[in-house]
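Q: Structure for the following, please:
(3 chains)
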Amino acid sequence: MTREQLRKAEGFAALLLSTLAAFLGLFWLVFILGDVLVHGIKALNLSLFVNDPVPPGVEGGGLRNAFVGQLLITVGATLMGVPVGVLGGTFLAEYARGRKIARFISILADIMVSVPSIVIGTFIYASLVKPIGHFNGWAGAIALSIIMIPVVLRTTEDMLSLVPWTLREAAFALGAPYYQVITKVVYRGAATGILTGILLSIARVAGETAPLLFTSFNNSFFSVNMGQPIASLTVTIFQYAMGPYENWHEQAWAAAFVITIFILLLTITGRIIIKWRYK
Amino acid sequence: MATTSKKNPVDTIFSFVTGAASFTVIVLIIAILYELVHESAPAIARFGIWKFLSSTDWNPVKESFGALTNIYGTILTTVLSLLMAIPVAIGIAVFVTEISPNFLKGPIGVAIELLAAIPSIIYGMWGLFTLSPIMSGYVEPFLKAIFEDVPVVGILFQGTPMGIDILTASIILSIMIIPFTASISRDSFNLTPAVVKESAYALGTTRWEVVRDIVIPYSKLGVFGGVVLSLGRALGETMAVAFVLGNNHRITTSLFDAAATITVTLANEFAEADNDIYLSSLFYLALVLFVMSFITLAIAKFFLLKAERKYSR
Amino acid sequence: MKVFFKVVLVLAVMLSFAQVEAAQTINGAGATFPYPVYGAWAFDYEKVTGVKLNYQSIGSGGGVRQITERTVDFGASDDPSQPDQLQKEKLFQFPAVIGGVVPVANLEGIKAGQLKLDSNTICKIFLGEIKIWNDDSIKKMNPGLKFPQGEITVVYRSDGSGTTAIYTHYLSETCPAWKEKVGEGKSVKYPVGIGGKGNEGVANYVKRTKNSIGYVEFAYAQQNKLGYAQLKNKAGNFVEPSFASFEDAAETGDFDAKKDFYLWLTNAPGKNSWPIAGATFILLAKEKTDSNKNVVKFYDWAFKNGDNKAKELIYVPLPKGLKDKIRAYWKANGLQ
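A: Predicted structure coming up:
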């Protein structure tokens, strides 16, 4: 073989492997999602959403308490995490722009995004659950909000930084104080970006299990009381999947399906918004 | 920098409020560190630092705890998953940047990121119900048949293939972390200046050679940062691994053996540690993990920042 | 912007309602051993009284830990605590129901109740000394059975388990090598095998792993159609796990209120006794007087009305004499 043919062959082989790698990645995605779809659809029925769990051995039952609990915890986490994250990101991109402290906090936030969520669970157990004296939904919501804050903070900071400085200058020229420049001009300009960040952070925490294990714990009954243990979809999936009962497994698949669809929709929506807005 | 001659009081308040919000990041990290140290103090006092990190004992009955089996399991599954994930991830990045037609780049990018969006408990369930039987029924006996008697490599393939073991757990982890390396690598590859690539093409290099000799070396820092980020993610993963790891506190040499990682031990034993030194040792483990992932992520950030600085010149 | 704030306001109002107490809830956590029967009792109790008993089966270790931390209203543990330990943590203890731990094995072609084992072989299997099913000692006890070729996969509890406590107590009593090498307790260092979380996890693993052997509370073996084994008891007879053999073991038990009912029922001497029976206990925090009354009300109701349900699930309801002793204990300690 000539030198050139060798090079061409090597190139072909390498690029072929890369293509195979891409298809392998897609394969896993389709395989896993397909599995969740196939198993989940089987057990998906109205009773899952309307009924509460029954003891093992009894037929029927659903996961209404888990759906409601998951909703309450996620909403609670969002209400706590998003304002802190958005305001924090505002500080880094505006009042502290260019200063060392902004750099430092930004880096720290990036690191915090990947801190193991189970460690955050143990932290909340030690600081909130033990002193209060019982597991409660708020502890779970707070644990999730701690995961959300750095994510929202960083995306807010990035999105605000994308707004051109000249826009701010124009507002200053009109005599507006900085806070008005931020709320009336900059926020408006970065709104879709910040919204996407919020959506993605919700997608991130809606699927978390580990931080809820020793905070909101679990509840086999329907409850809307966040001051006591409350059921969540993720912890229930964990409990049911680990159990030996067939109908538990079916319900776990159905719940997994619902949560996956929800999170994927949030993620795709977020990506589409970003693409459309920042084309 | 925005300065006005008059200090608007609302501005002062707003900057204070937003500043406080951003400071929660610092406060939280310090608080977490403090709580972990505070709770692990009894265990640190009893076992010291070196002894705890190097002891393989995990015996609740005799109240003797050591982190080594957990650290070993954590590191082993992480390294294995990286070994399997990185080639695939870089291959994906190469595909998306060089080979795929333009209209596919977006959708494939989104598809790979969807892998990252799937909650880890779904990975865990899928691992337990679908992957594990496939592993124990087909893949592992196959591997065992081929490699068991091969010298040196053979020790990795001893024992009964149960499907609930290090190999299955590592495979699941590797699928999970592919997107992190893949998307950061893709972004780094895209930052290679077109000018440099074009000059190479002008000299007659093939596509693959441009990737191998121009793009990859140029993006080294970014790719490495992405790899370390994946490592950090794999270190802290709990639910994906909890179902299929087998929870055996032992140092083992076979891929077909069960093991224990810090995260899975915490998930399994935290709510149930029934004596104080046991709970304290678990907090000690959490502290070790926190420190490990903090250092890993700081290293990742360091490389990513360096890459950023290099490219923005 | 305005819409955004409106949405936030609505969500916040929604969430504030989440603090309203709907109905009374009792929170308990602990042993997975009695989870099927506590769950069934709680389900019926709610229909009758509207009170929700939220029982989370996280393992006996968890039950003891959470009641010690006072994060739940009651803890449940199959591992009885000694009176001095109870004194130290300021806890009350009483038994609720009796059940049996059974070895279960996943062996193709071998039906439930066919496999015969004794304490010696079980001990060696769990120590890892007997590695294959085709071992001589196993074959000798089971002349008619054909065993598969494979290695034995041991399945144990990865979490703090009262079932483990009862099981290892039995092994320590009957097998000196076990007592020396491993010991007993809720969480021991098993030499070989894989760990499942809860009775549920062990049942799950045994179900899906060929040639495996584990130990679970009998209700889990029943509900999941696992292949349980016969055991040779202290009197020398091979017995099957059943209501009759559990009851036989329970009858030999002499529970003493002065010792806070601390008692093991393993290796019972009766002719037809199941060798690994055990009671499961409820732990209460001394100072939580109000919630304790609610918990006691529940168990009082269960003692009066829950016997049939318990028997259905193959748990042995406490004998009448013991129930009276428990009620006296409650009265003496201001719980009723």
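
Q: I'd say A:Val235 and A:Gly207 touch.
A: No: counting by Cβ atoms under 8 Å, A:Gly207 is not a contact partner of A:Val235; they are 11.7 Å apart. Bear in mind the C-beta positions are built from the backbone N, C-alpha and C, glycine included.

Q: Between the two, tell me which one has more neighbours.
A: Using other Cβ atoms under 10 Å in any protein chain shown as the criterion, A:Val235 and A:Gly207 rank with A:Val235 on top: 29 against 25.

Q: Let me know the distance separating B:Val196 from A:Leu87.
A: Separation of B:Val196 from A:Leu87 (Cβ to Cβ, to the nearest Å) stands at 42 Å.

Q: and these two? which has more neighbours close in?
A: A count of neighbours by other Cβ under 10 Å puts A:Leu87 above the other of B:Val196 and A:Leu87, at 20 against 13.

Q: part of a helix, is the more buried one?
A: Yes: A:Leu87 forms part of a helix when assessed by DSSP: H, G, I helix; E, B strand; the rest coil.

Q: ok, now which ones touch it?
A: Counting by Cβ atoms under 8 Å, 6 or more residues apart in numbering or on different chains, A:Leu87 touches B:Val17, B:Thr18, B:Ala21, B:Ser22.

Q: who touches the closest residue to C:Ser60 other than its chain neighbours in this structure?
A: Excluding the flanking residues, the one nearest C:Ser60 by Cβ to Cβ, 6 or more residues apart in numbering or on different chains is C:Gly162, at 3.0 Å. If a contact means Cβ under 8 Å, 6+ apart, then C:Gly162 has C:30-31, C:33, C:59-61, C:63, C:77-79, C:186, C:278, C:280 as its contacts.

Q: Helices - which of these land there?
A: Filtering those for membership in helices, criterion DSSP state H, returns C:Ser60, C:Gly61, C:Gly63.

Q: now what about the helix or strand that contains B:Val264, what contacts it?
A: Per DSSP states H and E: B:Val264 is located in helix B:262-269. If you take Cβ under 8 Å, 6+ apart as the criterion, helix B:262-269 is touched by A:116, A:118-119, A:122, A:210, A:213, B:58, B:67, B:70-71, B:73-74, B:236-239, B:241-242, B:245, B:247, B:249, B:278, B:282, B:285-286, B:288-289, C:61, C:158-160, C:187, C:195, C:197.

Q: hmm, whichever helix in chain B runs longest touching chain C?
A: When chain B is parsed with DSSP H, its longest helix is helix B:9-47. No: among the residues of helix B:9-47, none lie within reach of chain C under Cβ under 8 Å from any Cβ of the partner chain; the closest is 12.5 Å away.

Q: List the buried residues of that helix.
A: B:11, B:14-15, B:17-19, B:21-22, B:24-25, B:28-29, B:32, B:35-36, B:39-40, B:42-44, B:46-47 (16 or more other Cβ atoms under 10 Å in any protein chain shown).

Q: Next one: B:Leu128 from B:Val241, what distance?
A: 11 Å.

Q: One more: C:Val51?
A: 39 Å.

Q: Neighbour count: those two, which is higher?
A: Neighbours were counted for C:Val51 and for B:Val241 using other Cβ under 10 Å; B:Val241 has more, 31 against 16.

Q: check which helix or strand covers that one.
A: B:Val241 belongs to helix B:239-242, assigned by DSSP H and E.

Q: How about residues contacting that helix?
A: A:209-210, A:238, B:77, B:119-121, B:123-124, B:127, B:169, B:172-173, B:176, B:261, B:263-264, B:267-268.

Q: so how far is that helix from its chain's centroid?
A: Chain-centre distance of helix B:239-242: 13 Å, with Cα atoms, centre = their mean, to the nearest Å.

Q: give the contact list for A:Lys184.
A: A:Ala171, A:Ala176.

Q: Can you pull the phi/psi pair for it?
A: Here is the backbone geometry of A:Lys184 (degrees, to the nearest 10): phi -90, psi -30.

Q: What of the one 4 residues further on?
A: Backbone torsions for A:Arg188, taken as degrees, to the nearest 10, come to phi -60, psi -40.

Q: For burial, what's the neighbour tally of it?
A: There are 13 residues near A:Arg188, going by other Cβ under 10 Å.

Q: now swap in B:Ile49 and tell me
A: B:Ile49: 10 neighbours (other Cβ under 10 Å).

Q: try C:Gln85
A: Quick note: C:Gln85 (other Cβ under 10 Å) scores 15 neighbours.

Q: Which helix or which strand is home to it?
A: Applying DSSP H and E, one finds C:Gln85 within helix C:83-89.

Q: mind listing what's buried in that helix?
A: Going by 16+ other Cβ under 10 Å, helix C:83-89 has these buried residues: C:Leu86.

Q: Could you do stretch A:268-279 as well?
A: A:Ile268, A:Gly270, A:Arg271, A:Ile274.

Q: Could you do stretch C:46-65 as well?
A: Residues of stretch C:46-65 classed as buried: C:46, C:51-65 (neighbour count, 16+ other Cβ under 10 Å).

Q: before we move on, what about stretch B:175-191?
A: B:175-189, B:191.

Q: so which of those are also by chain A?
A: Restricting the buried residues of stretch B:175-191 to contacts with chain A (Cβ under 8 Å from any Cβ) yields B:Ile175, B:Ile178, B:Ala182.

Q: which one of the residues you listed sits closest to chain A?
A: Within those, the smallest distance to chain A is 4.9 Å, found for B:Ile175 (Cβ to the nearest Cβ).

Q: Residue 263: neighbour count?
A: As the question left the chain open, I've gone with chain A. Count around A:Ile263 with other Cβ under 10 Å applied: 22.

Q: try again with chain C
A: Neighbour count for C:Leu263, taken as other Cβ under 10 Å: 15.

Q: what about it, distance to chain A?
A: 28 Å (Cβ to the nearest Cβ, to the nearest Å).

Q: Could you check the pLDDT of residue 159?
A: Looking at chain A here, since you left the chain open. A:Met159 carries a pLDDT score of 89 in this model.

Q: Switch to chain C, please.
A: pLDDT recorded at C:Asp159 is 79.

Q: Shouldn't it be within a strand?
A: No: using three-state DSSP, the secondary structure at C:Asp159 is coil, not a strand.

Q: Closest to chain A out of the buried residues of stretch B:175-191?
A: B:Ile175 (4.9 Å).

Q: what secondary structure does that closest one sit in?
A: Going by three-state DSSP: B:Ile175 is helix.

Q: tally of neighbours for the nearest residue to it once chain neighbours are set aside?
A: If the residues on either side of it in the chain are set aside, B:Ile175 comes closest to A:Trp28, at 4.9 Å by Cβ to Cβ, 6+ apart. Counted with other Cβ under 10 Å, residues neighbouring A:Trp28 total 22.

Q: host element of B:Leu297?
A: Of the helices and strands defined by DSSP H and E, B:Leu297 is found in helix B:276-311.

Q: how big is the angle separating that helix from helix B:262-269?
A: 150 degrees (axes from the mean of the first three to the mean of the last three Cα atoms, to 10 degrees).

Q: Counting by contacts, list what helix B:276-311 packs against.
A: Where contact means 3 or more Cβ pairs under 8 Å, 6 or more residues apart in numbering or on different chains; DSSP states H and E, helix B:276-311 is packed against helix A:100-113, helix A:117-124, helix B:9-47, helix B:50-54, strand B:64-65, helix B:68-94, helix B:220-236, helix B:262-269.

Q: now these in TSV, with mean pLDDT?
A: As requested, the helices and strands packed on helix B:276-311 are arranged in TSV below (pLDDT from 0 to 100):
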stretch	mean pLDDT
helix A:100-113	90
helix A:117-124	92
helix B:9-47	91
helix B:50-54	87
strand B:64-65	85
helix B:68-94	92
helix B:220-236	87
helix B:262-269	88
